[in-house]
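Chemist: pasting the sequence and the predicted model now:
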Amino acid sequence: MSLKLYYVPQTRATRPRWLLEELGVPYELVRLDPQKGETRTPEYLALNPLGHVPTLVDDELVMTESAAILLYLADKFPEGKLAPAAGTPARAAYYQWILFCMSTLEPPLSLLHAQAKLPDAEKTPAVIATAQERVKTVVATVDKIIRTREHILGEGFSAADVLLASTVGWAKGYGLVESFPYALEYVRRCVARPAAKRARSD
Ligand SMILES: N[C@@H](CCC(=O)N[C@@H](CS)C(=O)NCC(=O)O)C(=O)O
């Protein structure tokens with residue numbers, strides 16, 4: 001078995017790196033520097049045609065999409081207990097929270113990210129304000145649920161926590177989680193895990 005993760009720090013590639021650290025399985029980290037064009041080489045574009053990170057290579061398998069990579073790895077290493085059994089209510093909640101991150105919480109964060117990259121004269125304040133409000137509304141639902149749970153599934157730590165804590169952490173980076181104490185504390189305790197620290201250590 002040979003797992004290779006194509007990685008740029010402080011991007012969505014941190015998600016599978018964190019999960020791999022939680023699993024404690026051997027993997028090779030391939031660091032790319034977008035400033036040097038390393039995500040736009042013909043070799044890398046053959047793996048990930050959009051030139052995005054992360055990309056996971058597992059022998060013959062090439063995978064993109066951070067959430068899909070988490071789901072794959074959590075299932076591939078069941079001894080890590082990061083995914084509930086298929087067909088159970090916990091598995092249903094697991095799918096729900098993974099999709100919640102990618103299709104409900106990420107879109108307004110991506111809008112904010114795109115706006116932040118624009119020169120000031122090209123920013124659209126109304127788009128920014130609407131996206132900020134949307135993020136807060138969505139984070140408020142996490143805050144309400146996580147008030148009574150340590151982890152989002154209401155049982156052990158799972159790949160859904162890797163994704164949710166990463167994504168709420170992204171919102172925190174924009175100062176949009178400050179009024180949600182339970183969501184804030186949830187992110188703090190997830191990123192304080194040794195595996196999460198190792199994934200951000202360099
Ligand atoms: N939906 C994809 C998004 C991947 C993505 O947009 N990655 C960003 C980093 S967070 C990227 O590689 N951006 C470089 C670029 O757009 O050129 C995923 O979750 O993996």
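Modeler: Happy to help now that I have it.

Chemist: which neighbouring elements make contact with the helix or strand harbouring Arg188?
Modeler: Applying DSSP states H and E as the criterion places Arg188 in helix 181-191. With contacts defined as 3 or more C-beta pairs under 8 Å, 6 or more residues apart in numbering; DSSP states H and E, the packing partners of helix 181-191 are helix 125-146, helix 159-173. Any C-beta I mention is one placed from the backbone N, CA and C, and that applies to glycine too.

Chemist: how far does the first one sit from the chain's center?
Modeler: Going by C-alpha atoms, centre = their mean, to the nearest Å, the spacing between the C-alpha centre of helix 125-146 and its chain's C-alpha centre is 17 Å.

Chemist: same check, this time on stretch 156-164
Modeler: 10 Å.

Chemist: what residues of that stretch count as buried?
Modeler: 157-164 (16 or more other C-beta atoms under 10 Å).

Chemist: just stretch 67-82 next, same as before
Modeler: Those would be 67, 69-74, 77, 80, 82, for stretch 67-82 by 16+ other C-beta under 10 Å.

Chemist: adding pLDDT and distance to the ligand, write those out as a markdown table.
Modeler: Formatted as a markdown table, the buried residues of stretch 67-82 follow (pLDDT from 0 to 100; distance: C-beta to the nearest ligand atom, whole Å):
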| residue | pLDDT | distance to the ligand |
| --- | --- | --- |
| Ala67 | 98 | 6 |
| Ile69 | 98 | 7 |
| Leu70 | 98 | 10 |
| Leu71 | 98 | 12 |
| Tyr72 | 98 | 12 |
| Leu73 | 98 | 13 |
| Ala74 | 98 | 15 |
| Phe77 | 98 | 20 |
| Gly80 | 98 | 21 |
| Leu82 | 98 | 18 |
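
Chemist: is any part of stretch 43-59 close to the ligand?
Modeler: Yes - residues of stretch 43-59 are located near the ligand by C-beta under 6 Å from any ligand atom, namely 51-54.

Chemist: that older thread, report the two members of the buried residues of stretch 156-164 separated by the largest distance.
Modeler: Comparing every pair within the buried residues of stretch 156-164 by C-beta to C-beta identifies Phe157 and Leu163 as the most remote, at 11.9 Å.

Chemist: out of the buried residues of stretch 156-164, the closest to the ligand would be?
Modeler: Leu163 (9.3 Å; C-beta to the nearest ligand atom).

Chemist: surely that closest one touches Leu70?
Modeler: Yes - the pair Leu163 / Leu70 is scored as a contact, 5.9 Å apart, by C-beta atoms under 8 Å.

Chemist: and for the two, which residues touch both?
Modeler: When contacts are counted by C-beta atoms under 8 Å, 6 or more residues apart in numbering, Leu163 and Leu70 have 15, 98 as shared neighbours.

Chemist: neighbours around Phe180, how many?
Modeler: For Phe180, the neighbour count with other C-beta atoms under 10 Å is 23.
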